[in-house]
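Enquirer: Here is a sequence together with a model predicted from it:
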Amino acid sequence: MFSAGQARRDARRFRRRGLDETARRLVDGISDRGIDDATVLEVGGGVGGIQIELLRSGAAGATCVELSHGYEEEAQGLLAEAGFEGRVDRRVGDFVDEAPGLEAADVVVLHRVVCCYPDEEALVGAAADRTRRLLAMSFPRDRLWIRAAIRCANVVFRLIWGFEMYVRPVATVVAPAEARGLSLVREHQGAFWRFIVLER
């Protein structure tokens, strides 16, 4: 699912239209808290559109930990086009495993990542541990119709890619961050996606 072909499609879409609505709201929610000269850590950053937009908004630099090798070529191309070569350190690996060796960042972002990871406690906890100030996340809303839709989609995902999505109550997602001293400061609910920003 997270292949070089998908990366090419994502990069083409970003070049034509920029971020999608949920990612744009996430970036705006972060930028509104003030990010001049901030460091950014994005988990599962894909082709890097959010990193690029946060750098345009004043962030000093970013680190991306992406599970799939398939995004790297397109991500480096987008960084070069935006003039941000050398400002993003991209790594490939499982963030939960990599986190102990990473520097903390002012801003940590998990955009559509919590729904793809089987252990939200470990993932969000590791992200909160690396957060100096802001933690921003987006994930599916916990609604009956969304649960039903993802349950059906998972039949195909498991069969073809060995992959599964998860829908979790917001309290379950937020709990590991709150236990580490972060508090909810912004929230938005779309038809399918919810985004939240927590601050230390």
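Expert: Received the coordinates, thanks.
Enquirer: which element follows whatever helix or strand Arg158 lives in toward the C-terminus?
Expert: Assessed by DSSP states H and E, Arg158 sits inside helix 144-161. Of the helices and strands lying after helix 144-161 in sequence (DSSP H and E), the nearest is helix 170-178.
Enquirer: on contacts alone, who are the packing partners of that following helix?
Expert: Packing partners of helix 170-178 (3 or more Cβ pairs under 8 Å, 6 or more residues apart in numbering; DSSP states H and E): helix 120-129, strand 131-140, strand 193-199. In short, each C-beta sits where N, CA and C put it, glycine included.
Enquirer: hmm, try it at 6 Å
Expert: helix 120-129 (3 or more Cβ pairs under 6 Å, 6 or more residues apart in numbering; DSSP states H and E).
Enquirer: contacting residues around the helix holding Arg158?
Expert: By Cβ atoms under 6 Å, 6 or more residues apart in numbering, the residues outside helix 144-161 that reach it are Met1, Pro140, Phe163, Glu164, Met165, Val167.
Enquirer: what's the burial count for the second one?
Expert: Translated: Pro140. Using other Cβ atoms under 10 Å, Pro140 has 20 other residues around it.
Enquirer: ok, it - contacts?
Expert: Pro140 is in contact with Cys115, Ile146, Val167, counting by Cβ under 6 Å, 6+ apart.
Enquirer: I'd like the contacts of helix 144-161 written out as a markdown table, with distance to Phe157 and pLDDT added.
Expert: Rendered in a markdown table, the data for the contacts of helix 144-161 read as follows (distance: Cβ to Cβ, whole Å; pLDDT from 0 to 100):
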| residue | distance to Phe157 | pLDDT |
| --- | --- | --- |
| Met1 | 7 | 66 |
| Pro140 | 14 | 97 |
| Phe163 | 5 | 87 |
| Glu164 | 6 | 93 |
| Met165 | 7 | 95 |
| Val167 | 13 | 97 |
